[in-house]
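> From the sequence below, what's the structure:
(one chain, ligands or ions: 1)
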Amino acid sequence: MAESWTIYKEFRFEAAHRLPHHDGKCRRLHGHSWVGRVYVKGDRLIDTGPKSGMVMDFHDLKAYLTPLLENYLDHHYLNKTTGLENPTSEALARWIYGYFARLGLPGLDAVEIRETCTSGCVYRPTN
Ligand SMILES: [Zn+2]
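Now for the predicted structure:
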């Protein structure tokens, strides 16, 4: 039987951005209490040792997140720290995915970003 597990770690950060091309108020500098999730997928579980029964230890996943939050996201101006000219949720989700991909996060599946309680997006490469 083929099977898989997708685990995730949720993270939160306060940050400012502006969307210079937007035709409404998002053009102005403003902030959000952002919520994100990084999803890691595996088709087998670790079968020995202290992490047995896991796709990945949540603690290990958090270790990838901490420097990202500290250096690029939390209480930062996202247009500057990410280098994105127009950091929409879509662009930011793709940027964060690329950050984890460059670090070689095993099983990286998707990144979700929510900028309000009701609005967000999930980025996942399709090839
Ligand atoms: Zn915004």
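> The helix or strand encompassing residue 91: what's the following helix or strand?
Taking DSSP states H and E as the definition, residue 91 sits inside helix 89-103. Heading C-terminal from helix 89-103, the first helix or strand you meet, by DSSP H and E, is strand 108-114.
> starting at the chain centroid, how far to that next one?
For strand 108-114, the gap between its own C-alpha mean and the chain's C-alpha mean amounts to 5 Å (Cα atoms, centre = their mean, to the nearest Å).
> And the contacts of stretch 62-82?
Stretch 62-82 is contacted from outside by 9, 11, 13-18, 34, 38, 84-85, 87, 92, 95-96, 99-100, 103, 105, using Cβ atoms under 8 Å, 6 or more residues apart in numbering. Quick note: C-beta positions are derived from backbone N, CA and C, even for glycine.
> what residues are up against residue 21?
Counting by Cβ under 8 Å, 6+ apart, residue 21 makes contact with 27, 86.
> Let me see the confidence value for it.
According to the prediction, residue 21 has pLDDT 95.
> Please apply the same query to residue 82.
Looking at residue 82, the pLDDT reads 98.
> got it, and the one 5 residues further on?
Note for residue 87: predicted pLDDT of 97.
> list the contacts for it?
Residue 87 makes contact with 17, 19, 78-79, 95, according to Cβ under 8 Å, 6+ apart.
> that older thread, which strands or helices does the helix holding residue 91 pack on?
Applying 3 or more Cβ pairs under 8 Å, 6 or more residues apart in numbering; DSSP states H and E, one finds that helix 89-103 makes contact with strand 30-42, helix 58-68, strand 108-114, strand 120-123.
> Just say which of the ones you listed is most tucked in.
Among these, ranked by average contacts under mean count of other Cβ atoms under 10 Å, first place goes to strand 108-114 (a mean of 20).
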